[in-house]
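**Q** A structural model of the following input is requested.
(2 chains, ligands or ions: 2)
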Amino acid sequence: MAILEILEYPDPRLRTKAQPVEAVDNLVRTLLDDLFETMYAAPGIGLAASQVDVHKRIIVIDISENRDEPHAFINPDLEISGKEIEAEEGCLSVPGVYESVTRADHVLVKALDRDGQSFEFEATGMLAVCIQHECDHLEGKLFVDYLSSLKRSRIRRKLEKEHRIQALP
Amino acid sequence: MKTKAPAVKVDDRVQAARLLHQVITVGCTTDQAFARTTDPISPLSREMVYGSLRFFFSITDQISAVLHKPIEHKDQDLWALLIVGTYQLQRMRIPPHAAINETVGACEGLGKPWAKGLVNAVLRKLALEKIPERTFDHPQWMLDLIMADYPEQAVDIFHANNRQAPMALRVNRARISPEAYRNKLAEAGIQASPGWLPETLVLEAPVSTEKLVGFASGLVSIQDAGAQFVPELIPLESTTRLLDACAAPGGKLFHLLERYPGIDATALDVSTTRLKQLDLQARRLGHDTFTTLQGDASNLEWWEGDAFDVVLIDAPCSGSGTIRRHPDIKVLRGAKDVKKYAELQLALVENLWRTLRPGGTLLYCTCSLFAEENDKVVNSFLQLSGGAPQVLEISLPVGQATQFGWQLLPTDDDPKKTTDGFYFSCLKKTV
Ligand SMILES: C[S@@+](CC[C@H](N)C(=O)[O-])C[C@H]1O[C@@H](n2cnc3c(N)ncnc32)[C@H](O)[C@@H]1O
Ligand SMILES: [Zn+2]
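**A** Ligands and ions are numbered 1, 2, ... in the order given. This next block holds a predicted model:
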């Protein structure tokens, strides 16, 4: 297992659209393990393969307090319903930024599990929000895209500055 | 995705007092209280909550003895803070002045700065007192029941209940061999020793699940070593039709599926929330060959009429065998609960017996120490049903025989071999 490097906004690679996984093989399973390890170490509550520069449709999530309810979704397909809810989101690719985003309260996910079996999963509340956030990554979309362009460019400048500082010898 | 870390870290004592308050005044279990908290729970406040519950009875006696008048109903959070403070003072390696100052300071965090003088006075008095030596820290009704059921072993049981249980793992042999998994643990710097069964590993020191290698990918589950004996007691064949009548969250069911792949298993539980947990664990472990039913095992509305070869009843119970892991049981449960559980347990056995084919076996188990939920339930069932059930003789490498089954006790001090308290009884339906 390995902790992978997480791309940070405004890295253009985060804008890549992810491709469906054709076969759930050992490579995919190893990637799942690494995604979990990276997410737990960060620590975060969700991570998409796109964020570690692997442009396959794979996301992992664990929003539990005890960190013992891991969810893995391969080729997730979302059906969104329910009322709208507003929640404060952050993203491992946009460190230090937390903003309110409005999303649907309910999702039905069809996906493959780590054995390549298909399953359906229903979620509400924070779990539903997190699933939508991660699936956005697979489309090259980030939660900052929901904010005003003013806010977004302020965040962009802030992170670019931090990256310049980090790059200093 | 990431959620915001709380801006200011909640003080450990304040957090511990609030959590303990939830348990002792509101009446939730520690698990519920922890799950409801949105702030991350620090290891220190976790230990303070568990420790305070473990020694709840002697600590509250001591505090009551030095208080001039009882704490008012609206200030029960202060009562909880006093308990947490006393636990720290007497049983943790925290220097007394630090324990007192920090606890006094926590009055601010609870929004009751006026109570500082009171907390200070109580803790200073208790700092001078010796820890009561012979205290078993159980409610009287529990002392009575355990002494009646285990006259020789009662004292050992009381002490064992106040120790901390080791963290035991069950390696998913459908995915990895126990040796290979142990090597993976070693690589990650986690030391484990073999337990009673090949798939059992016992950790030298507990780790959080996120650090447990391969947990998310289903290589391993967390399960007490005693709970892992179920597949030993009911050897299954690949064609066996099994009903797990109280299945959620699925620990024993998944163990059976890992040991006996291919069995035709049905998982039943009344609780939809708990069935969701089962579902999640099934996906984590890669088990998808069983059927799930939501229904009440004390009636037959869910049953389609095809008899089962084996029925497992891991009955809802007082949990008195798991006090090491859930010391809140000592504070929350009463003698009446045991009676209620016993009634439900008998109803479950009676009802599910009808779904068993002639020649089939029923395994009844609980994580209770009380005969009232164990042998006495089996005895009542035998009385009611005439000669038809035959009690099968069972034995395990630990524990002791009872009239109708086998009892595990938490009394073994070897951390590698110790188990929670469990009861098993195996009944065969004669043709
Ligand atoms: C001791 S737990 C089972 C643990 C599980 N076998 C395992 O190993 O993970 C008891 C379960 O019985 C369920 N239960 C309680 N009353 C029930 C009933 N009348 N019918 C079916 N299930 C019931 C509870 O929801 C609970 O999940
Ligand atoms: Zn993100």
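
**Q** residue nearest the centroid of the chain?
**A** Defaulting to chain A. A:E134 (3.1 Å; Cα atoms, centre = their mean).

**Q** ah, I was thinking of chain B
**A** Closest-to-mean residue, chain B, Cα atoms, centre = their mean: B:T322 / 4.2 Å.

**Q** so who does that residue touch?
**A** If a contact means Cβ atoms under 8 Å, 6 or more residues apart in numbering or on different chains, then B:T322 has B:165, B:224, B:329, B:367, B:420-421 as its contacts. Every residue, glycine included, has its C-beta placed from N, CA and C.

**Q** do that again at 6 Å, thanks
**A** Contact analysis of B:T322 by Cβ atoms under 6 Å, 6 or more residues apart in numbering or on different chains lists B:367, B:420.

**Q** secondary structure class for the spatially closest residue to A:R152 that is not a sequence neighbour?
**A** Nearest residue to A:R152, sequence neighbours excluded (Cβ to Cβ, 6 or more residues apart in numbering or on different chains): A:V144, at 5.0 Å. Using DSSP: H, G, I helix; E, B strand; the rest coil, the three-state assignment for A:V144 comes out as helix.

**Q** could you measure A:V144 against A:L92, distance?
**A** 13 Å (Cβ to Cβ, to the nearest Å).

**Q** Please work out the residue of chain A nearest to ligand 1 and name it.
**A** Taking Cβ to the nearest ligand atom, ligand 1 has its nearest neighbour within chain A at A:D68, 13.6 Å off.

**Q** Which secondary structure state is assigned to that residue?
**A** coil.

**Q** give me every residue that touches it.
**A** Neighbours of A:D68 in contact, by Cβ under 6 Å, 6+ apart: B:T209.

**Q** what's the helix or strand for the nearest residue to B:A35 once chain neighbours are set aside?
**A** The shortest distance from B:A35 to any residue other than its chain neighbours is 6.3 Å, reached at A:E65 (Cβ to Cβ, 6+ apart). Under DSSP states H and E, no helix or strand contains A:E65.

**Q** And A:E65, how close does it get to B:T289?
**A** A:E65 is 31 Å from B:T289, by Cβ to Cβ.

**Q** Same question for A:G96.
**A** 45 Å.

**Q** Which residue ranges of the stretch 301-431 of chain B form strands?
**A** Secondary structure of the stretch 301-431 of chain B (DSSP state E, counting those that start in this stretch): strands at B:308-314, B:356-366, B:389-392, B:400-401, B:406-408, B:422-429.

**Q** Correction: the previous question concerned the stretch 151-300 of chain B.
**A** Counting by DSSP E, counting those that start in this stretch, the segments of the stretch 151-300 of chain B that form strands are B:168-171, B:192-194, B:200-203, B:220-222, B:241-244, B:264-269, B:291-294.

**Q** Provide the backbone phi and psi angles at the residue of chain A closest to ligand 1.
**A** For A:D68, the backbone dihedrals (degrees, to the nearest 10) come out as phi -130, psi 20.

**Q** Okay, A:P20 and chain B: tell me how far apart.
**A** A:P20 sits 20 Å away from chain B, going by Cβ to the nearest Cβ, to the nearest Å.

**Q** Was I right to think that residue contacts A:H55?
**A** No: if you go by Cβ atoms under 6 Å, A:P20 and A:H55 don't touch, sitting 10.6 Å apart.

**Q** So the two - more neighbours on which side?
**A** A:H55 (16 against 12; other Cβ atoms under 10 Å in any protein chain shown).

**Q** Now that the more buried one has come up, it's in contact with A:K17, right?
**A** No: taking contacts as Cβ under 6 Å, A:H55 lies outside contact range of A:K17: 7.3 Å.

**Q** So the top strand by length along chain A, near ligand 2 or not?
**A** Counting residues, the longest strand found in chain A (DSSP state E) is strand A:71-91. Yes: using Cβ under 5 Å from the ion, strand A:71-91 reaches ligand 2 at A:C91.

**Q** okay, the helix or strand just after that strand in PDB with CA atoms only?
**A** Next helix or strand after strand A:71-91 toward the C-terminus (DSSP H and E): strand A:94-112. C-alpha atoms of strand A:94-112 as PDB (Å, rounded to 0.1, in the frame of the first residue of the first chain):
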ATOM      1  CA  VAL A  94      -8.200  22.700  -2.400                       C
ATOM      2  CA  PRO A  95      -6.500  22.700   1.000                       C
ATOM      3  CA  GLY A  96      -7.600  25.100   3.700                       C
ATOM      4  CA  VAL A  97     -10.800  26.300   1.900                       C
ATOM      5  CA  TYR A  98     -14.300  25.600   3.200                       C
ATOM      6  CA  GLU A  99     -17.400  27.000   1.500                       C
ATOM      7  CA  SER A 100     -21.100  26.300   1.500                       C
ATOM      8  CA  VAL A 101     -22.400  24.400  -1.500                       C
ATOM      9  CA  THR A 102     -26.000  23.400  -2.300                       C
ATOM     10  CA  ARG A 103     -26.600  19.800  -3.500                       C
ATOM     11  CA  ALA A 104     -29.300  17.200  -3.500                       C
ATOM     12  CA  ASP A 105     -30.100  15.400  -0.200                       C
ATOM     13  CA  HIS A 106     -30.600  12.000  -1.700                       C
ATOM     14  CA  VAL A 107     -28.700   9.900  -4.200                       C
ATOM     15  CA  LEU A 108     -29.100   6.500  -5.700                       C
ATOM     16  CA  VAL A 109     -25.700   5.100  -6.900                       C
ATOM     17  CA  LYS A 110     -25.200   2.200  -9.200                       C
ATOM     18  CA  ALA A 111     -21.600   1.000  -9.200                       C
ATOM     19  CA  LEU A 112     -19.300  -2.000  -9.200                       C
END
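
**Q** which helices and strands does the helix or strand following strand A:94-112 pack with?
**A** As assigned by DSSP H and E, the chain's next helix or strand after strand A:94-112 is strand A:118-124. In terms of contacts (3 or more Cβ pairs under 6 Å, 6 or more residues apart in numbering or on different chains; DSSP states H and E), strand A:118-124 is packed against strand A:94-112.

**Q** again, only using 8 Å
**A** strand A:71-91, strand A:94-112 (3 or more Cβ pairs under 8 Å, 6 or more residues apart in numbering or on different chains; DSSP states H and E).

**Q** confidence score at the nearest residue to B:L203 once chain neighbours are set aside?
**A** Closest residue to B:L203 apart from its sequence neighbours, by Cβ to Cβ, 6+ apart: B:M167 at 4.5 Å. At B:M167, the predicted lDDT confidence score is 95.

**Q** how close does B:M167 sit to chain A?
**A** Separation of B:M167 from chain A (Cβ to the nearest Cβ): 12 Å.

**Q** ok, now which ones touch that residue?
**A** By Cβ under 8 Å, 6+ apart, the contact list for B:M167 reads B:202-203, B:205-207, B:222.

**Q** nearest to B:G111, of these?
**A** Taking Cβ to Cβ as the measure, B:G111 lies nearest B:P206 of the contacts of B:M167, at 33.6 Å.

**Q** show me the contacts for that closest one.
**A** B:P206 neighbours (Cβ under 8 Å, 6+ apart): B:166-167.

**Q** Mind doing that once more with 10 Å?
**A** B:164-167, B:212, B:222 (Cβ atoms under 10 Å, 6 or more residues apart in numbering or on different chains).
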